[in-house]
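S.K.: Sequence and predicted structure are below.
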2 protein chains.
Amino acid sequence: MSRITCPALADKVTSAEDAAAHIRPGDNVGMSGFTGAGYPKAVPGALAERIGAAHERGEDFQIGLFTGASTSAELDGALAEVDGVSVRSPYNSDKAMRAAINGGEVDYVDTHLSHLAQQMWFGFYGRLDVAVIEVAAILPNGLLVPGSSVGNNKTWLDLADRVILEVNEWHPEAYEGFHDVYYGTRVPPHRNPIQLLEPGQRIGDPYLRVDPDKVVAVVRTNGPDRDNAFNPVDDDSKAMAEHIIDFLRAEVAAGRMPESLLPLQSGVGNVANAVLAGLADSEFEHLTSYTEVIQDNLLALLDSGSLDTISATSFSLSKEAAERFNRDIESYKGRILLRSQEMSNHPEIVRRLGVIAINGMVESDIYGHVNSTHVLGSQVLNGIGGSGDFARNAYLNFFVSPSVAKGGKVSSIVPFASHIDHTEHDVHVIVTEQGIADLRGLAPVPRARRIIDNCAHPDYRARLHDYVDRAIARGEGRLHIPHLLEEALSWHVSLRDTGQM
Amino acid sequence: MSRITCPALADKVTSAEDAAAHIRPGDNVGMSGFTGAGYPKAVPGALAERIGAAHERGEDFQIGLFTGASTSAELDGALAEVDGVSVRSPYNSDKAMRAAINGGEVDYVDTHLSHLAQQMWFGFYGRLDVAVIEVAAILPNGLLVPGSSVGNNKTWLDLADRVILEVNEWHPEAYEGFHDVYYGTRVPPHRNPIQLLEPGQRIGDPYLRVDPDKVVAVVRTNGPDRDNAFNPVDDDSKAMAEHIIDFLRAEVAAGRMPESLLPLQSGVGNVANAVLAGLADSEFEHLTSYTEVIQDNLLALLDSGSLDTISATSFSLSKEAAERFNRDIESYKGRILLRSQEMSNHPEIVRRLGVIAINGMVESDIYGHVNSTHVLGSQVLNGIGGSGDFARNAYLNFFVSPSVAKGGKVSSIVPFASHIDHTEHDVHVIVTEQGIADLRGLAPVPRARRIIDNCAHPDYRARLHDYVDRAIARGEGRLHIPHLLEEALSWHVSLRDTGQM
């Protein structure tokens, strides 16, 4: 049975190549895709070929590329390899695109994931010329059934002058009913309160809307999302997960948290995965999740019966988990909602619900400033993602990293963070495999002592305490956040020049 | 006519000394006061005497001190001088208290002004033992008429075990009706949307409530708020104000802003004052303000007819303006509302209304990371205040500073900020007397070029460009935010050691 049952749109079915011909040099293009799910599978490659051919003819051809979050080698990778992107936002994890950004060839604008949609409405990036959006089906009335992510698709469809749809049959048709697309957003001064009170509540529509007159092409595809495989839980991740779960237990015991906790958000990665596995083995039940991304173990937590509801904007599953989910999708209906990332990450909702936010980091300095994004202050990894949306507005937040990297040559606790994404005001708890530092209510110097004692690797503790001691000894009248400015970044200089801190 | 007409509370009238005797060593004390308005005038001094006497007897006596924001020499100053404070939050501008913090004697916890109330509810600081709250009057039914600020008073009154009230006859009784105290706040998971849609809308009560059984003392006072005198508008401030107003004009012309703009927030200080003066002389009308603080020129803007409504949490007026306001208070009724600082600074409301945020800074680095708080990364000035609440959630934000300080010896545009309060993701526009740098939609390197060209003082431009040039030349594979880590903080080292950058 066809997935494209709207006559006006069925007439526009064409090849990826013909569709890509609607994208012109200099266009701002909004594409679907979030954590390797729901990105267009065919048009980006055809566009990359078109761009490559233009470059061979000596013609300029680059686009501004805006997505939900990360996509895949088929999208970011293909376009980076032909030098096809001038500006990229808000998040990228593709290797080739990352190399282009760190090579100074692509202007990457790191952006809070809840901010990009409104910034496009506000005109920060100029017009949006084209949207390329993957969906699971087009209904007879022209409504679109989204697939494995929603991301910024509503905004791209609303704002773009021209729309290209990819209908991917790999997504089950039974995705219908899994989405909650809120059409109540407005630009100030016309905004209203968002009447969302719990993670599983519907406030919008199950469908994306598109003006059929704007649709210039519809392309059929049938291909899987990126395989978001992850490592098995290692000892360090397990230790960090145990610290967090013990901490939550103590919060419940102290009366600072309900027995079923508060809605969980967890960034993508091994520690988050381990925390979710740990929760499945714990006494906690009737948990909920208000998060960006559904990883394997979040789905497993739902399967285990400990978790009642998930609100997210995207899946990010391994190949096996995705196949299992697609097969058993009916059994998840009513327990999972995918929303626009503006809503999944909205400060208003995150603060109201009192989310527990668990996010990874590159490093924390001794005073609790967290670097989530840049190695040596300069080389971007993926971007801030939603960590700022969640951490700033969370009831309780955790920033998590192994205490060392590169076999002990790099400490993730440093005197001065080489880049700061989360300031001291926004960081509640630091976690490494060594232990956990509760910074709530602490001034900078007591914070430093606790982070060093509880979280730094033993090999680095003495040097870190020595830094604080000497900064205090020499810091007369500047003792709020004592620093030795000539040494503050010396650990990073050493890492850059010698390969170790 | 008495200001204390509730019989149960009239019975508790006593001296400041007797009231202060209810405060014990180790107590956490929540006091009223925001930008030198509405702080208790008598009990803090009596408490300082009590603490001083205890110290003379060789006894320990310190308190944890929590306010709305800054108070005055009579409160922070008096307590700092007797070494009476162990922990201080969220904001201080008193000289003696600042010296004690930078001397390492007081643990100062810098906190977003919208966060402290909820953090106290969440238990970040333990119990709140005592509240000391200044009001304008106590009604027969025990309801409290607030005075010139609301700040965290609702929360302190709700949470404290024991309450001391100061009734200050200097505040006009006609303050009744100027306040909007929202009693709908809850702790997650019991929170609801805040149904506020425009700056002047009432969502709460005109009064503060207190359980009369908790009130241990009532003290009568009659004294003015701190004189928040400011400098006359100088040429630099005028230039910055003109840059901002021209920028807003261009935003309106480009269709990115309504003709009456969006609600204005401005931090305290000379530039903010100049912007407000500039707006009074401009073509803009039907302006509104959703802000923390009402300065002289915001009141003048209301007087001029250009501004329709102000929502704030506090006044911060010069002696003359305060006297004039107190005399003419009736004429302002219905045009000014004072809310709890949780509401005046609430991320949910700031984002919904689309506030235009104008805040001062110490320095910005070339990539747009802003330091609002610390000289040389270590010495705190006042604290982050509400700048983070507003900037992160604003429709448009400006960070403002003269391009140089100390007669040109210090540049406010530096290679690497020595402390970061607002990350690159949260900073839209940088303003100095030299010009304005619109960073919206720009990646780091283009941001650096624009900030240096438009905002840095000409004496520092070549050196700053040279830093970027050399960082790019040496930064192979690390070109997203190019830095020379060994030089990044060298300007600050030089300032510390030689008095100039």
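M.R.: In hand now; what should we look at? Residues are numbered from 1 along each chain as shown, chains lettered A, B, ... in the order given.
S.K.: rest of the way, CA atoms for contacts and neighbours
M.R.: OK.
S.K.: Mind splitting chain A into its structural domains?
M.R.: In terms of domains, chain A is parsed into A:7-221, A:235-498 (source: the TED database).
S.K.: In chain A, where is pLDDT below threshold?
M.R.: A:1 (pLDDT under 70).
S.K.: so what's residue A:70 up against?
M.R.: Going by Cα atoms under 8 Å, 6 or more residues apart in numbering or on different chains, residue A:70 touches A:33, A:34, A:35, A:36, A:91, A:92, A:93, A:94.
S.K.: Save those residues as CSV, and put in distance to residue B:474 and secondary structure too.
M.R.: Below are the contacts of residue A:70 laid out as CSV (distance: Cα to Cα, whole Å; DSSP: H, G, I helix; E, B strand; the rest coil):
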residue, distance to residue B:474, secondary structure
A:33, 34, coil
A:34, 34, strand
A:35, 32, coil
A:36, 33, coil
A:91, 25, coil
A:92, 24, coil
A:93, 24, coil
A:94, 24, coil
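S.K.: out of these, who has the most neighbours?
M.R.: Most neighbours among the contacts of residue A:70, by other Cα atoms under 10 Å in any protein chain shown: residue A:33, with 31 neighbours.
S.K.: what residues are up against it?
M.R.: The contact partners of residue A:33, by Cα under 8 Å, 6+ apart, come to A:39, A:40, A:67, A:68, A:69, A:70, A:71, A:149, A:150, A:151.
S.K.: Please apply the same query to residue A:111.
M.R.: Residue A:111 neighbours (Cα under 8 Å, 6+ apart): A:89, A:90, A:91, A:383, A:384, A:385, B:425.
S.K.: and the stretch 201-350 of chain A, which residues reach chain B?
M.R.: Counting by Cα under 8 Å from any Cα of the partner chain, the stretch 201-350 of chain A comes close to chain B at A:256, A:262, A:347, A:348.
S.K.: List only those of the residues you listed flagged as buried.
M.R.: Buried by 16 or more other Cα atoms under 10 Å in any protein chain shown: A:256, A:262, A:347, A:348, out of these.
S.K.: I'd like to know how far the first one sits from residue B:192.
M.R.: If I follow you right, that is residue A:256. Residue A:256 sits 19 Å away from residue B:192, going by Cα to Cα, to the nearest Å.
S.K.: re the thing from before, ok, the buried ones among the residues of the stretch 201-350 of chain A next to chain B vs chain B, which is closest?
M.R.: Nearest to chain B out of those is residue A:348 (Cα to the nearest Cα; 4.4 Å).
S.K.: For that closest one, give me the backbone phi and psi.
M.R.: Phi and psi for residue A:348, reported as degrees, to the nearest 10, are phi -60, psi -50.
S.K.: Backbone torsions only: list them for residue A:374.
M.R.: Note on residue A:374: backbone dihedrals following degrees, to the nearest 10 are phi -120, psi 130.
S.K.: Show me the beta-bridge partners of it.
M.R.: Taking DSSP bridges as the rule, residue A:374 bridges to residue A:380.
S.K.: so what's it up against?
M.R.: By Cα under 8 Å, 6+ apart, residue A:374 lies in contact with A:362, A:380, A:381, A:418, A:419.
S.K.: What of residue A:120?
M.R.: Residue A:120 sits next to A:126, A:127, A:128 when contact means Cα under 8 Å, 6+ apart.
S.K.: what's the answer for residue A:221, then?
M.R.: Shown in contact with residue A:221 (Cα under 8 Å, 6+ apart): A:41, A:42, A:166, A:167, A:168, A:169, A:170.
S.K.: Pretty sure residue A:130 sits against residue A:29.
M.R.: Yes: Residue A:130 lies in contact with residue A:29 (Cα atoms under 8 Å); the separation is 4.8 Å.
S.K.: So which residue is dead centre in chain A?
M.R.: Closest to where the C-alpha atoms of chain A average out (Cα atoms, centre = their mean) is residue A:385, at 4.2 Å.
S.K.: That one is in what secondary structure piece?
M.R.: Element membership of residue A:385, judged by DSSP states H and E, is empty: it is in no helix or strand.
S.K.: do residue A:416 as well
M.R.: Using DSSP H and E, no helix or strand contains residue A:416.
S.K.: quick one, helices of the stretch 301-450 of chain A?
M.R.: Ranges of helices in the stretch 301-450 of chain A, per DSSP state H, counting those that start in this stretch, are A:319-328, A:341-344, A:347-353, A:387-393, A:444-455.
S.K.: Take those helices and write them to a markdown table, including distance to residue A:473.
M.R.: Below are the helices of the stretch 301-450 of chain A laid out as a markdown table (distance: least, Cα to Cα, whole Å):
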| stretch | distance to residue A:473 |
| --- | --- |
| helix A:319-328 | 56 |
| helix A:341-344 | 47 |
| helix A:347-353 | 40 |
| helix A:387-393 | 33 |
| helix A:444-455 | 13 |
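S.K.: Out of the ones you listed, which is closest to residue B:412?
M.R.: helix A:444-455 (24.3 Å; Cα to Cα).
S.K.: Surely residue A:25 is in contact with residue A:64?
M.R.: No: Residue A:25 is beyond contact range of residue A:64, at 9.4 Å (criterion: Cα under 8 Å).
S.K.: between the two, who's got more neighbours?
M.R.: Set residue A:25 next to residue A:64 and count neighbours by other Cα under 10 Å: residue A:64 wins out with 22 against 15.
S.K.: what about the more buried one, is that helix, strand or coil?
M.R.: Using DSSP: H, G, I helix; E, B strand; the rest coil, the structure places residue A:64 in strand.
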